[in-house]
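1. pasting the sequence and the predicted model now:
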Amino acid sequence: MRTTSGPATSIERLTCTYLVPADHRDPAPLAARLDAVAGARLAGTLADALDAALDPADPSVWVIDRLELSVSLPGDVDDLDLLARLWARGIADRIAAVVAGALDLPGVRRFPHRAGYLAAFAAALAAGDAHTRWEYATFAGLAAAPPGQALVGAAGALGVPVLDVIEVLARTRRLDSVLDRLGAAAAPLWRALMPAAAPAVAVDAPTLAAVWARRAVLAGRPDPSGPVARLRLLGVVRAGTGRALDPQRLVAAVDQVVSLLDRFPSADVPDSAVPPGLGPLVARPQWTDPWSDIPAAGDSATPAAPEPASPTSLVCPYAGVLLIVPDLLAAGLSPAPEAAEWRLRVLARCLGARLAAEALDDAALRLIAGVPPPGPRPGIPVVPGLPTPSPSDAAFLGADPAGAVIALLAHAGVRLFAQHLAGFGNASLEHLHTNVYGVPGTVTVRPELIDVALEPAPLQVLLDLAGLDELVCPLPWLGADLVVRQADR
């Protein structure tokens with residue numbers, strides 16, 4: 001876990017059992033020395049040991065329910081500082097082994113960063129079970145607080161801006177459900193943001209325009225001017241613009257736009273009320289998809305609101321393979337628009353020879369690969385340096401009639417994907433497909449976003465441990481983000 005001052009480790013309870021030889025002449029003083037180490041020296045020494053054992057640049061949060069280990073300490077040493085260093089090194093090495101994936105233990109959860117940890121806590125608060133789940137035991141002191149206040153307190157404890165948590169919830173498509181469940185209990189979140197947007201903050205025209213362009217998220221919602229509405233609009237703007245906008249100005253702009261729409265809910269905003277820099281404003285539209293006017297990455301212009309567009313949902317029996325897209329891109333899969341057919345073939349080949357042919361016709365995979373209408377085929381892209389599959393992996397992949405590079409690239413991508421899975425880096429492709437990524441799901445297509453909700457995998461715990469229970473990957477050939485998540489979360 002990282003805090004504003006750097007990495008931090010919290011151990012809720014330390015239980016020690018001392019084992020000494022049966023013929024030890026006087027075990028009581030030895031136990032007293034070890035108790036003194038555990039009580040006064042171990043915490044600080046362990047922090048130093050973990051700094052040396054873990055990557056300080058790694059932002060991930062690891063929560064371990066129970067960790068058992070044995071440490072051998074010399075019984076004839078009176079130097080308490082030495083005992084503390086030896087003891088701390090044993091604990092640090094064990095924790096480092098968990099983080100490195102060398103130990104496959106139950107009761108281990110990994111979150112990609114502190115904001116992701118708090119976003120999961122927010123979802124659990126909204127569901128009403130946060131304080132019965134062991135991974136959030138560190139927030140047990142907030143159990144008596146209302147959910148919104150508990151989340152504000154947790155964010156403060158970890159040094160995470162509430163706005164960052166709202167952004168993660170929006171990007172992973174959980175903000176609407178969390179806010180709908182919290183209702184009025186979400187008000188403390190907005191109050192926590194407002195001090196950053198004091199009346200003295202000057203809202204610039206680009207920030208105001210970016211917020212105004214996404215006002216459709218408020219249409220058709222109950223209480224479109226309350227804190228929940230403001231948080232919903234804030235999350236959509238933040239997710240659509242990244243961190244290009246100043247947080248203080250963004251919060252102030254959201255407050256200003258919502259107040260303006262509250263005054264003129266069904267008519268044109270008169271020129272006298274128009275904030276400087278926006279020009280004539282039209283009435284609030286009556287469509288509700290919050291993602292439909294988010295610009296593609298790198299597009300700094302604020303587009304006009306498009307016509308209403310209903311999201312398209314497709315059932316995809318091969319949806320789990322989309323977990324591998326980031327690793328396929330890392331292995332050399334081309335993001336160029338003209339390489340769409342080869343992206344489709346590589347995705348299909350990851351499913352193995354038995355399913356590859358039928359997967360080529362799957363509507364969801366074709367859409368995500370960016371396959372254009374029929375036309376001249378481009379040449380097969382050259383990807384040098386790909387590893388050679390083992391005989392069993394080669395048999396699973398089969399041969400693609402379009403060229404050997406298809407299977408080689410599929411193999412390289414799945415192999416990179418396997419490196420994320422604790423203890424399964426060398427598992428066969430067939431085993432990985434059967435137990436990890438060969439699962440169905442539902443693909444929902446929205447402008448600028450493709451949301452994939454997967455059914456649980458037989459070895460879902462591996463994806464949870466690797467932080468792959470939710471994944472966000474830009475698809476440059478579509479100008480959209482791919483979000484892959486678990487359907488039940």
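-> Noted; the coordinates are in hand.
2. low-confidence ranges in the stretch 201-350 of the chain?
-> Scanning the stretch 201-350 of the chain for pLDDT under 70 picks out the ranges 219-222, 242, 264-311.
3. one more time with 80, if that's ok
-> 201-206, 209-210, 212-225, 239-245, 260-313, 330, 337-338 (pLDDT under 80).
4. which residue ranges form the strands in it?
-> For the stretch 201-350 of the chain, strands defined by DSSP state E, counting those that start in this stretch occupy the ranges 312-316.
5. state the mean pLDDT of stretch 31-48.
-> Mean per-residue pLDDT for stretch 31-48: 87.
6. I meant to write stretch 387-399 there.
-> In the prediction, stretch 387-399 has an average pLDDT of 86.
7. gap between the two ends of that stretch?
-> 16 Å (C-alpha to C-alpha, to the nearest Å).
8. any residues touching that stretch, and which ones?
-> For stretch 387-399, contacts defined as C-beta atoms under 8 Å, 6 or more residues apart in numbering pick out 349, 352-354, 356, 407-408, 410-412, 415, 428-430, 433. All C-beta spots, glycine's among them, are computed from the backbone N, C-alpha and C.
9. for the lengthiest helix in the chain, buried residues please.
-> Using DSSP state H, we find that the single longest helix of the chain is helix 80-99. Neighbour counts over helix 80-99 (16 or more other C-beta atoms under 10 Å) mark 80, 83-92, 94-96, 98-99 as buried.
10. Phe396: neighbouring residues, count only.
-> 25 (other C-beta atoms under 10 Å).
11. just confirm it is within a helix.
-> Yes. According to DSSP: H, G, I helix; E, B strand; the rest coil, Phe396 belongs to a helix.
12. burial count for Ala364?
-> 24.
13. gap between it and Ser313?
-> To Ser313, Ala364 is 9 Å away according to C-beta to C-beta, to the nearest Å.
14. residues in contact with both of the two, list them for me.
-> In contact with both Ala364 and Ser313: Val443, using C-beta under 8 Å, 6+ apart.
15. low-confidence ranges in the stretch 51-200 of the chain?
-> 56, 75-76, 100-106, 172-173, 194-200.
16. mind listing the strands in it by residue range?
-> Using DSSP E, counting those that start in this stretch, strands in the stretch 51-200 of the chain cover 61-64, 108-111.
17. only alpha carbons, please: show the last one as PDB.
-> Spelled out, it's strand 108-111. The C-alpha trace of strand 108-111 is given here as PDB (Å, rounded to 0.1, in the frame of the first residue of the first chain):
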ATOM      1  CA  VAL A 108      -4.800 -12.500  -1.000                       C
ATOM      2  CA  ARG A 109      -6.300  -9.600  -3.000                       C
ATOM      3  CA  ARG A 110      -4.300  -7.200  -5.200                       C
ATOM      4  CA  PHE A 111      -5.600  -3.800  -6.300                       C
END
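18. quick one: it to chain centroid distance?
-> The chain centroid and the centroid of strand 108-111 are separated by 12 Å under C-alpha atoms, centre = their mean, to the nearest Å.
19. swap in stretch 147-166?
-> On C-alpha atoms, centre = their mean, the centre of stretch 147-166 falls 16 Å from that of its chain.
20. okay, how far is it across it, tip to tip?
-> Start-to-end, stretch 147-166 (C-alpha to C-alpha) is 14 Å.
21. can you give the contact residues for it?
-> 1, 3-5, 114-115, 117-119, 121-122, 125-126, 130, 138-139, 142-143, 145, 175, 182, 185-189, 192-193, 196, 231, 234-235, 238, 247, 250-251.
22. picking that back up, now flag whichever of the buried residues of helix 80-99 is closest to Leu105.
-> Val98 (6.3 Å; C-beta to C-beta).
23. and that closest one, what does it touch?
-> So, once contact is read as C-beta under 8 Å, 6+ apart, Val98 ends up touching Trp62, Ile64, Leu67, Leu105, Val108.
24. I'd guessed Pro326 sits against Pro474; true?
-> No. Pro326 is not in contact with Pro474 according to C-beta atoms under 8 Å; the separation is 9.3 Å.
25. settle it for me: which of the two has more neighbours?
-> Pro326 (21 against 16).
26. if we can go back for a sec, need the strands of the stretch 51-200 of the chain in a markdown table with distance to Glu455 and mean neighbour count, can you?
-> Compiled in a markdown table, the strands of the stretch 51-200 of the chain are given as follows (distance: least, C-beta to C-beta, whole Å; neighbours: other C-beta atoms under 10 Å):
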| stretch | distance to Glu455 | mean neighbour count |
| --- | --- | --- |
| strand 61-64 | 25 | 19 |
| strand 108-111 | 20 | 22 |
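27. turn those into CSV, including distance to Pro227.
-> As requested, these are exported to CSV (distance: least, C-beta to C-beta, whole Å):
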stretch, distance to Pro227
strand 61-64, 27
strand 108-111, 26
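28. of all the ones you listed, which lies closest to Pro335?
-> strand 108-111 (27.4 Å).
29. dump the contacts of Val98 to TSV, plus distance to Ala216.
-> Output for the contacts of Val98, formatted as TSV (distance: C-beta to C-beta, whole Å):
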residue	distance to Ala216
Trp62	39
Ile64	43
Leu67	48
Leu105	46
Val108	41
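30. and those, which is closest to Val258?
-> Trp62 (38.4 Å).
31. the closest one touches Arg110, doesn't it?
-> Yes. With contacts counted by C-beta under 8 Å, Trp62 reaches Arg110, the gap being 5.4 Å.
32. quick one: the helices in the stretch 351-489 of the chain?
-> 353-359, 363-369, 391-397, 404-418, 429-432, 460-465 (DSSP state H, counting those that start in this stretch).
33. same list, those helices, but as CSV with distance to Glu448 please.
-> Listed next are these as CSV, based on distance: least, C-beta to C-beta, whole Å:
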stretch, distance to Glu448
helix 353-359, 25
helix 363-369, 14
helix 391-397, 33
helix 404-418, 24
helix 429-432, 31
helix 460-465, 25
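34. out of those helices, which is closest to Leu54?
-> helix 460-465 (16.3 Å).
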